[in-house]
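Engineer: Quick check, what structure comes out for this input:
(one chain, ligands or ions: 1)
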Amino acid sequence: KTVLSQIEEKEDTYHCYVTVDKEGALANALAVQEEINRGLKSPLAGVPVAIKDNMCTEGLLTTCSSKILGNFIPTFSSEAVLNLQRAGAVILGKTNMDEFAMGSTTETSAFGVTKNPWNKDHVPGGSSGGSAAAVAASECFYALGSDTGGSIRQPASFCGVVGLKPTYGTVSRYGLIAYGSSLDQIGPLCKDVTDCATVMEVISSHDAKDSTSVKRNDTDFTSALKEDVKGMRIGLPKDYFGEGLDPEVKGAVLKAAKVLREKGAVVEEFDLSLVEYAIPTYYTIAAAEASSNLERFDGIKYGYRTERYEGLHNMYKKSRSEGFGPEVKRRIMLGSFVLSSGYYDAYYLKALKVKALIKKAFDEAFAKYDVILGPVAPTTAPKLGESLSDPIKMYLGDIYTISINLAGLPGLSMPCGIDSKGLPIGLQLIGDCFQEKKLIRTAYTYE
Ligand code: GLN
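Structural biologist: Numbering: from 1, shown residues only. Predicted coordinates:
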């Protein structure tokens, strides 16, 4: 009830949610209370959570913040959501996002913008902007987001909360509406590192329904909540602190590195090559996969269908033209182009090769370091309306987050300061595959 009253009070200002399921949440809370009385033991039992609107929730509208799914009510829930529900979580509703998770500001949503709770003239980041803002505004206790190229870490950074993008394959993607299937991962956005580790422990699972799901027996993430980085080797990639990085962000991130050094970590700079190729590589691969994944939205099987049409092809064309927003269309066109015969080798195949080289560069770095530390984004949250007109500039803002997805690595974003505009600054910790615990330990020590 407390959290619902927070929503009532603040939602008109910040617009974190596409759907608030007030009745459902209250009924569910009572049902969980019964289960607790009957012996359910879980740290999440009865704790209200917000879910990004690209994860299917049985019986509850799931729009991906797109007109094309504006009336889509799934008949099943995503595995990550089911894992939460098995642990007694209470779902408050579905959070706003960039349409189909394409964007970095939550402004490409078909259902209005979300505002940053630190300053409502600024964006909350994206694409999981609604989830990050809901946590920051206390319109939920924690939230789930998805991260294809930074969509958990960057909004967490812009809203001053903790976000974790797990190693690819750790959280089932079953029921997550796909953007770039080889890059997408679900993860938590929380108020602190302890909550983050707790939620991670619940949502991680092997799932036969996701062919890329990994069997892990090391998902006791809360065991890493230790204040201890003595002897831990932390690398600062020089390329992450060069041109384009806001001096205030740089200062705060380097200060955090100093704190960890004082606590006993060995911190040094190193060269992480290929950073400059990350953006073209990511936008080639992500767009290619998106163009293929979004073929299914044809006005027949799901969601929106145009009212007037002449014949089947015209129906497809009009439904998709009216149903998708401009950023999604841009990605579909770009993706179809790089996959088309004649261009496939020049763009898509080349991007896959660079992706392999990026992974190799990280492998070499992790032979020397336990954790890589850097900024999450070049700046703090931009003003509303500033980014939409210049997509290239927006894409450049993903420079520090996207290679982590290309390499399948885990990345954690947490607050490390506030700039002169009063906006939070984020710190990113990157680990080798399956090394979330090192990130959690480092983050917990710093926090
Ligand atoms: N901003 C990036 C994009 O638009 C990342 C989005 C994401 O991680 N879903 O593709």
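
Engineer: Output the set of residues of the stretch 101-250 of the chain in proximity to the ligand.
Structural biologist: Contact residues, the stretch 101-250 of the chain versus the ligand (CB under 6 Å from any ligand atom): Ala101, Met102, Gly103, Ser104, Ser127, Asp147, Thr148, Gly149, Gly150, Ser151, Tyr179. (Glycine included, C-beta is placed from N, CA and C.)

Engineer: got a list of contacts for the element among helices and strands of the chain having the smallest mean pLDDT?
Structural biologist: Every helix and strand of the chain was ranked by mean pLDDT, DSSP states H and E. The lowest is helix 391-396, at a mean of 88. For helix 391-396, contacts defined as CB atoms under 8 Å, 6 or more residues apart in numbering pick out Gly103, Ser104, Thr105, Gly244, Ile279, Tyr283, Glu327, Arg330, Pro378, Ser387, Leu388.

Engineer: most surrounded residue in these?
Structural biologist: Ranked by the number of neighbours (other CB atoms under 10 Å), these place Thr105 first, at 30 neighbours.

Engineer: What helix or strand is it located in?
Structural biologist: Thr105 belongs to no helix or strand when elements are defined using DSSP states H and E.

Engineer: Can you list phi and psi of it for me?
Structural biologist: When read as degrees, to the nearest 10, the backbone of Thr105 gives phi -140, psi -10.

Engineer: Leaving out chain neighbours, which residue sits closest to it?
Structural biologist: Of all residues not flanking Thr105 in the chain, Val123 sits nearest, at 4.1 Å (CB to CB, 6 or more residues apart in numbering).

Engineer: residues contacting the one you found?
Structural biologist: By CB under 8 Å, 6+ apart, the residues touching Val123 are 105-107, 113-116, 129, 158, 381-384, 386-387.

Engineer: and the least confident helix or strand of the chain, which residues are buried?
Structural biologist: Across helix 391-396, burial judged by 16 or more other CB atoms under 10 Å covers Pro391, Met394, Tyr395.

Engineer: Stretch 12-27 too?
Structural biologist: Using 16+ other CB under 10 Å as the test for burial, stretch 12-27 gives Tyr14, His15, Cys16, Tyr17, Val18, Thr19, Val20, Asp21, Gly24, Ala25.

Engineer: ok, now which ones touch Leu236?
Structural biologist: Residues near Leu236 by CB under 8 Å, 6+ apart: Leu254, Ala257, Val267, Glu268, Glu269, Phe270, Ile372, Leu373, Gly374.

Engineer: Specify the local secondary structure of it.
Structural biologist: Secondary structure state of Leu236, per DSSP: H, G, I helix; E, B strand; the rest coil, is strand.

Engineer: can you check the one 4 residues further on too?
Structural biologist: Secondary structure assignment for Tyr240 (three-state DSSP): helix.
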